[in-house]
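Undergrad: Kindly return the folded structure for what I paste below:
(chains A, B, C and D)
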Protein chains: 4
Amino acid sequence: MRSERLYRLLDPEASGPARAFRGVHHAMVAAGIGIMIADTEAEWRLAWRIELDIGFWIVCAFFVAEYVLRLAAAPRAPGAELRGRWRSRLEWAGSMAGVCDLVGTLPGALAIAFGPDFGSLFGFVWGFKLVRYAPGLVLLQRVISDARRALLSVLLAFCLVLLCAASLAYLIERGAQPQVFGSIPAALWWAIVTLTTTGYGDVTPLTTLGRMLAGIVMVSGILVFALWAGILATGFAEEVRRREFLRTWDLVAKVPFFHDVGAAVIADVARLLRPREYPPGAIIVRQGALGDCMYFVASGEVEVQVRPEPVVLGPGEFFGEVALLTGGVRNATIVAARQCTLLILDIVDFRELLGRQPDLARIIHKEAERRPGEAARSSEWETRRHRGPRS
Amino acid sequence: MRSERLYRLLDPEASGPARAFRGVHHAMVAAGIGIMIADTEAEWRLAWRIELDIGFWIVCAFFVAEYVLRLAAAPRAPGAELRGRWRSRLEWAGSMAGVCDLVGTLPGALAIAFGPDFGSLFGFVWGFKLVRYAPGLVLLQRVISDARRALLSVLLAFCLVLLCAASLAYLIERGAQPQVFGSIPAALWWAIVTLTTTGYGDVTPLTTLGRMLAGIVMVSGILVFALWAGILATGFAEEVRRREFLRTWDLVAKVPFFHDVGAAVIADVARLLRPREYPPGAIIVRQGALGDCMYFVASGEVEVQVRPEPVVLGPGEFFGEVALLTGGVRNATIVAARQCTLLILDIVDFRELLGRQPDLARIIHKEAERRPGEAARSSEWETRRHRGPRS
Amino acid sequence: MRSERLYRLLDPEASGPARAFRGVHHAMVAAGIGIMIADTEAEWRLAWRIELDIGFWIVCAFFVAEYVLRLAAAPRAPGAELRGRWRSRLEWAGSMAGVCDLVGTLPGALAIAFGPDFGSLFGFVWGFKLVRYAPGLVLLQRVISDARRALLSVLLAFCLVLLCAASLAYLIERGAQPQVFGSIPAALWWAIVTLTTTGYGDVTPLTTLGRMLAGIVMVSGILVFALWAGILATGFAEEVRRREFLRTWDLVAKVPFFHDVGAAVIADVARLLRPREYPPGAIIVRQGALGDCMYFVASGEVEVQVRPEPVVLGPGEFFGEVALLTGGVRNATIVAARQCTLLILDIVDFRELLGRQPDLARIIHKEAERRPGEAARSSEWETRRHRGPRS
Amino acid sequence: MRSERLYRLLDPEASGPARAFRGVHHAMVAAGIGIMIADTEAEWRLAWRIELDIGFWIVCAFFVAEYVLRLAAAPRAPGAELRGRWRSRLEWAGSMAGVCDLVGTLPGALAIAFGPDFGSLFGFVWGFKLVRYAPGLVLLQRVISDARRALLSVLLAFCLVLLCAASLAYLIERGAQPQVFGSIPAALWWAIVTLTTTGYGDVTPLTTLGRMLAGIVMVSGILVFALWAGILATGFAEEVRRREFLRTWDLVAKVPFFHDVGAAVIADVARLLRPREYPPGAIIVRQGALGDCMYFVASGEVEVQVRPEPVVLGPGEFFGEVALLTGGVRNATIVAARQCTLLILDIVDFRELLGRQPDLARIIHKEAERRPGEAARSSEWETRRHRGPRS
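TA: Numbering: from 1, shown residues only, chains lettered A, B, ... in the order given. Prediction:
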């Protein structure tokens, strides 16, 4: 099962040796791009010619080797035991990731064919190898792809405005400035520089009519821009909500506490909880701080530092609700006993939720009453600090 | 019924020969604009004078012919049998589309009156003939028209700021730079270039007071821009929601499965489903992939590739729910047997919906139980892959 | 009651003679601003010296007279019968509107004191007299005022970035370009031009470090801009919803039809209806067109053009629901018999609403059944056109 | 307890002497930044050398003293009586605020080490001392931190586009303009100036291919900008909702009136109320004005100016509902008797709320009936003014 092990090593999600591989990969991308940039700067090129060339060949070799190894380790889709190893390799080579990695070998291939000077010019393609490790880009890509149709409509409108602006500017300005508005392609350059409000200033209208046209073009540019912003803001809000909900649901479904409250409540709660990771030893709440959220343990364990003995809470248990119910401060410091994932319920949502879900409110109130000493101490604090800084 | 056939040929929605006509139409628009641009570039004009003129006349003739044909084929509004053919032609000629097509014959008319050199300058009007084929532009137009009032208010504010800025800049800078700030019209040019943050740099204030004014004008420009973006983002979100819902409802209403669940549920479901088209032979789900949505067949047929015999699902049937319920992977590859429209329910909405609509949940669970082998195989996969890559 | 009549004449909302006054007012504003602009253009000034001066004095006299008349007609607040006429005049003079009108007399006063050349320089203040007639600006003002705190925070962040950028640019660039980066005030000019992405180009960094700083400043500028857009978009969406709801509620409350369905339904319905005005003779729906909304008559009367006799519908009646229920086309042309206000219910919201409000659905269905001929004819049309263009 | 008193004096929230301290603090920040700017302007430096230096030393001394005092007065966290005073000082020194104040002493330290000329160059760090007093910045920081992941993804996309643009521009333009596109670092300068649509104009492409590339880069820049705006708008809307709700809840919970209506209603009401502060003597509603909101007294007292005796309303009472129910004008002027906090319920939300919460509607209607004289007078006014200006 060597290929299996190799696959796991190259997987961006895996841990341990794969993490080390990822570090080397990122360093190679940075080195490759740095070498490309340095190669074009005459001074640096003169001073470190040999070092740059050696570095370039190493980076090329690394990416070629990576491609070959990934091809060898091409994962077989589950349930596809019957299909041959070569077929799955072919599939991977044709996939997005395969093509992307193939492009990464391009500078090397060009360097062999035309010399390293030419090859290093294309080092910027290595930047795209980072995309695989940036899950946020997938989100952006999906937003843009969902809003594809609207964005393209704005682009068509943009092109129509561009064409009209260039034609009219050509008609108006060609008399006054034949050298820069002498043809529509030349006027198009002015139009795009103006419509995007970039405004280099190398070409500006001189006639009064031309300047009025320019004013209208600038305002249209702002409008186009605003349309784009509106489309993407709409799509983004939708996609973020979707993504967050999906992630939280998976965690909520694993907390035994929520099993009792029914599916309708889970959907309601999952919208409000926000997951957060804590490393071992991290202080989650600090005694005496004002409480603005409560926590559910999704995985791992936390330690409540009370006397005489610390209390350990595991998956499905919750804490921090006393300060929310009394409006007071935290009455104990709580520390992550090991790596743990907590689901955080903000005070705002806590109150909304308790108003909407009487069953949940009852469970939480009952639990808070079971911890009477804490509530008592907390309310004592409350009197002293209630009007303190909250900022 | 020749005119009827002609109408259908010219209809942007119709298929077959109309599609071919559309291709020719778009090619003519592109050719016309290309000829207009090439005509103004002295070199190209010298080299291909004859070819450009011939091309221009062909494009003109095409658009004149199109106008005449569309006029001849003017559709009679249903229920208007009593009105004459000429009356409906007159109505079409006065409509938006009729005027738009009439403008398309303008370069030809101008070319006949003043020569092709002059006529070709107005070739950019052909670009607007594409608007008919871009449904997204209708959406944008409606958003802008709904936000008309607010956008005009911002425009008035914009003009007031522009006027103040120009007057003050004239007062402040006319001493230091009489040649560029010598009158308010001249100062207006500076003001609009600055307020839109275009910043050509041909006119810049030199005095300290003038630079402070410029700073305030730039920040106001950004504010105006942001207001515009805010207005359009709001309108866009509203309009997109409207449009999507309308399209989905029409499809949901045709799926027999939803007839049983009542009108209230349909409104609820229609908000969540997203329609997508698949060409024949397209792979819809791939065996072993992780499931993140389920599908309802709105039209067409799909083929589930299971042994010993593939199963065919038609309109009203659904699939893909097993992977959602078990959290596992797809247990069969499903292919579009012919052109089909599927309604996709995302895993996020699936979970929300099942929490809210217990009747629907029961129907889907029952169906999933009827496919026991699949669930079994699926959960087997689940154990192995549950913590795998999800991107 | 002369003062009462005067008040009504000057009221921006009133009709008839007040409308004529408004036209004269707007013309005077335009003339005043035009004269101010022309006065600064040497050529025009030489050619029409006398005309411009006469025009300027007329405009000044008009605005002074307007101020005096408005002061004389100052409305007494209702319930303030006991207070004297002069007290209400004083109150008006101190109000926003009074101060605004007082400022409008400023150019005249300055012209008397220092000559018309100086007075006309301040003609731009007349532009602000239009604000009273632009209700949309009140909306914008409220959005900005509600988001005041957040906008000011962004402004503070903006100023901090500006200060840092200028200080660092001064440190970095003063060696290379002592003439343009020789002091922090000079560097501040560069910083604001860069941070707003205006980029005049009169001052640009030359050192590598300075260019890196410039890159960071530009990206910060975009971020500040985006924050501003985000804040205003949020506020705008909220305010628009508020405004629309308020206007619709007033109309819905007057429709007898909704009196029967209870307060909870009204709040629900008012969110969905959109009011629109129709002048007498306007065609509201055209026979044979596809139906995408239904209408409630809020005021005025409409005429349904059916044979043998047209039917008149008055306030509280509704129409257009048949085409929505059957998905077909309009079966009669409906024309506004006099000026009327209709509440429009979109097909999207119609469907959502009927799913949610069974009582309303029953009333509308019953009414639709009472018009059986129409439904029959409609469904006949439906068969022929159902797959037609819908754009 | 001297340290306790000191702490309260330095606390940004406290009143009285702390307010005076805050004034001095802000004046010192302004003076320090002013001195830094003046120091770099040769003329001013020459004219006021001594004054600037003395001012600089005073400002430095103030900030050093502030740091020492704050360190001495470091607050002990509640519940931490057992920990020593020094430990809490150490904790404060390591906290955000402590580091921020330490940085404020930097210009003084540098001035001692290298002379005041060098020290004053870093005066801009004092600007950051204002951050503590700007609670809005905390909000912005949280929005940015929540959207961290998405903003970084856009930044990565931005960097990739930048790198591609620079590499391609270098390939295309280095032949035509070797002096400005001679290396990739030089091309990167052009790329960032173009991608942010700043457009200084010091470097512009000259070849046709280069200009096409520039057009694409500008449009990409607008897209990046729009993505950023979308992300921040989404995050901002969420955060503002959260913050507002939290603040209002705290106030609503203190109004006895709402205790009777149950937790579910409070959550519903708190979403709609907006708190506002009134100084003593402020006019809250003016007799005869149109009513567009009602008020709940959260703290303080208001005086209803009715005859024969003014009525005083205290915490938990409400007023202004009569005008909302009848749609008429205010029947009495109401003035803040002392500093008071009112919760404002807009007419829009009032109507929505009464539709949704029948219990609340009953309480408010009953109260309004108890004030029959007012309602009668109000409805008399209503008839006369109902169609009046509402703007």
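
Undergrad: Next, the buried residues of the helix or strand where A:M36 lies.
TA: If you go by DSSP states H and E, A:M36 is part of helix A:17-40. For helix A:17-40, a neighbour-count test (16 or more other CB atoms under 10 Å in any protein chain shown) marks A:18, A:21-22, A:25, A:28-29, A:31-33, A:35-40 as buried. From N, CA and C alone the C-beta is placed, and that goes for glycine too.

Undergrad: Out of those residues, which are close to chain D?
TA: The residues of the buried residues of helix A:17-40 that also fall near chain D, by CB under 8 Å from any CB of the partner chain, are A:33, A:36-37, A:40.

Undergrad: Which members of those are the farthest-apart pair?
TA: For these, the farthest-apart pair by CB to CB is A:I33 and A:T40; their separation is 11.7 Å.

Undergrad: Point me to the residue of the stretch 251-391 of chain A nearest chain D.
TA: At 3.3 Å from chain D, A:G355 is the closest residue in the stretch 251-391 of chain A, using CB to the nearest CB.

Undergrad: Chain C versus that residue, what's the distance?
TA: Using CB to the nearest CB, to the nearest Å, A:G355 is found at 19 Å from chain C.

Undergrad: How many neighbouring residues does that residue have?
TA: Close neighbours of A:G355, defined as other CB atoms under 10 Å in any protein chain shown, add up to 17.

Undergrad: Helix or strand: which one has it?
TA: In this structure, A:G355 sits in helix A:347-356 according to DSSP H and E.

Undergrad: In CSV, please show the C-alpha coordinates belonging to that helix.
TA: Taking C-alpha atoms only, helix A:347-356 is exported to CSV below (Å, rounded to 0.1, in the frame of the first residue of the first chain):
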residue,chain,number,x,y,z
ILE,A,347,-25.4,36.5,25.0
VAL,A,348,-27.5,38.1,22.3
ASP,A,349,-28.5,34.8,20.7
PHE,A,350,-28.8,33.2,24.1
ARG,A,351,-31.5,35.6,25.0
GLU,A,352,-33.4,35.4,21.7
LEU,A,353,-33.1,31.6,21.8
LEU,A,354,-34.4,31.3,25.4
GLY,A,355,-37.4,33.5,24.5
ARG,A,356,-38.2,31.3,21.5
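
Undergrad: List the contacts of whatever residue of chain A ends up closest to chain B.
TA: At 2.9 Å from chain B, A:S153 is the closest residue in chain A, using CB to the nearest CB. Each residue near A:S153 by CB atoms under 8 Å, 6 or more residues apart in numbering or on different chains is listed here: B:134, B:136-137, B:139-140.

Undergrad: Please name the nearest non-neighbouring residue to it.
TA: Of all residues not flanking A:S153 in the chain, B:G136 sits nearest, at 2.9 Å (CB to CB, 6 or more residues apart in numbering or on different chains).

Undergrad: for the record, mean pLDDT for the helix or strand containing that neighbour?
TA: Secondary structure assignment for B:G136, by DSSP H and E: helix B:135-146. Helix B:135-146 comes out with an average pLDDT of 77.

Undergrad: buried set for that helix?
TA: Per 16+ other CB under 10 Å, helix B:135-146 contains these buried residues: B:136-137, B:139-140, B:143-144, B:146.

Undergrad: list the buried ones in the very next helix or strand once past it?
TA: Following helix B:135-146 in sequence order, the next helix or strand is helix B:148-173 (DSSP H and E). Buried residues in helix B:148-173, counted by 16+ other CB under 10 Å: B:150-151, B:153-154, B:156-158, B:160-173.

Undergrad: doesn't A:L171 make contact with A:S183?
TA: No: at 11.9 Å, A:S183 does not count as touching A:L171 under the criterion of CB atoms under 8 Å.

Undergrad: how much space is there between A:L121 and D:I184?
TA: Between A:L121 and D:I184 the distance is 9 Å, computed by CB to CB, to the nearest Å.

Undergrad: Report pLDDT for A:C164.
TA: 91.

Undergrad: Report the contact partners of the closest residue to it other than its chain neighbours.
TA: Nearest in space to A:C164, with sequence neighbours left out and distances taken as CB to CB, 6+ apart, is B:F124 at 5.5 Å. Neighbouring residues of B:F124 by CB under 8 Å, 6+ apart: A:163-164, A:166-167, B:33, B:36.

Undergrad: Nearest to chain C, out of the residues you listed: which one, please.
TA: Closest approach between the contacts of B:F124 and chain C, by CB to the nearest CB: A:A166, at 22.1 Å.

Undergrad: does the closest residue to chain C within the stretch 201-350 of chain A sit in a helix, a strand or a coil?
TA: Using CB to the nearest CB, the single residue of the stretch 201-350 of chain A nearest to chain C is A:G201, 5.6 Å away. The three-state label given to A:G201 by DSSP: H, G, I helix; E, B strand; the rest coil is coil.

Undergrad: was I right about it contacting C:G201?
TA: Yes: between A:G201 and C:G201 there is a contact under CB under 8 Å: 5.6 Å.

Undergrad: Need the residues touching each of the two.
TA: With CB under 8 Å, 6+ apart as the test, A:G201 and C:G201 both reach B:199, B:201, D:199, D:201.

Undergrad: how about A:T204, phi and psi?
TA: Phi and psi for A:T204, reported as degrees, to the nearest 10, are phi -130, psi 150.

Undergrad: again with A:E303
TA: Main-chain dihedrals, A:E303, degrees, to the nearest 10: phi -120, psi 120.

Undergrad: quick one: contacts for it?
TA: A:310-313, A:334-337.

Undergrad: Show the buried residues in those.
TA: Neighbour-count burial (16+ other CB under 10 Å) applied to those gives A:313, A:334-337.

Undergrad: Just the ones in strands from the residues you listed, please.
TA: Secondary structure from DSSP state E places A:313, A:334-336 of the buried ones among the contacts of A:E303 in strands.

Undergrad: Close to chain B: what parts of the stretch 51-200 of chain A are there?
TA: Contact residues (CB under 8 Å from any CB) of the stretch 51-200 of chain A with chain B: A:77-80, A:135, A:138, A:149-150, A:152-154, A:156-157, A:159-160, A:163-164, A:166-167, A:170-171, A:182-185, A:188, A:194, A:197-200.

Undergrad: ok so, going back, pull the most distant pair out of the contacts of A:E303.
TA: A:V311 and A:A336 (13.9 Å).

Undergrad: Within range of chain D, give me the residues from the stretch 51-200 of chain A.
TA: Residues of the stretch 51-200 of chain A lying close to chain D by CB under 8 Å from any CB are A:121-124, A:127-128, A:130-131, A:134, A:136-137, A:139-140, A:143, A:158, A:185, A:189, A:192-193, A:196-200.
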